[in-house]
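Colleague: how would this look folded up:
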Amino acid sequence: MAAGLTLTDLSRNYRKALIGAAILGGVGVIVGTLLGYWAAGVLLCVGLALGGINSRLMLSSTFRLAESEVVGKRPFMLGTLWRLAAITAVALALVFAFRPHGVAVVVGLAVFQLLMVVTAGASVLREVRNK
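Modeller: Have a look, this model is predicted:
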């Protein structure tokens, strides 16, 4: 794996990001409710959940690719394209269905991806420092 990360490390990073997303989602609902925007807090949680689903599907396809004897990347790329298209379609449908608070779905997606990058970056930094 790149930068010395194993598939186990990726799973661990995913679990850490899920825990962080749950905490941020709870804080988002509480703050949104206190400010009178409970719907935005709930939609933030929906975006975080979509980000979690996206990352879980990505991990599953990565595990399948790592275990597969197929050399080509085409199935992986097509699966990625369909996964991203589906997540985007769901997110955009929610954005337009719940205007103006629907934008919180996109914010939740972005925050989850940021959490994944931060947890992976922390693992890479630990790996580099240990060498």
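Colleague: where's the helix or strand that contains residue 23 relative to the chain centroid, distance-wise?
Modeller: In the assignment (DSSP states H and E), residue 23 maps to helix 7-34. How far helix 7-34 lies from its chain's middle: 10 Å, per C-alpha atoms, centre = their mean, to the nearest Å.
Colleague: mind giving me the packing neighbours of that helix?
Modeller: Under the contact definition 3 or more C-beta pairs under 8 Å, 6 or more residues apart in numbering; DSSP states H and E, helix 7-34 sits against helix 38-67, helix 103-130. Backbone N, C-alpha and C define where each C-beta goes, glycine included.
Colleague: same list (those helices) but as TSV, adding distance to residue 91 and mean neighbour count.
Modeller: Formatted as TSV, these follow (distance: least, C-beta to C-beta, whole Å; neighbours: other C-beta atoms under 10 Å):
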stretch	distance to residue 91	mean neighbour count
helix 38-67	6	18
helix 103-130	5	17
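Colleague: residues of the helix holding residue 23 that come out buried?
Modeller: Across helix 7-34, burial judged by 16 or more other C-beta atoms under 10 Å covers 9-10, 13-14, 16-18, 20-21, 24-25, 28-29, 32.
Colleague: quick one: that helix to helix 38-67, angle?
Modeller: 170 degrees (axes from the mean of the first three to the mean of the last three C-alpha atoms, to 10 degrees).
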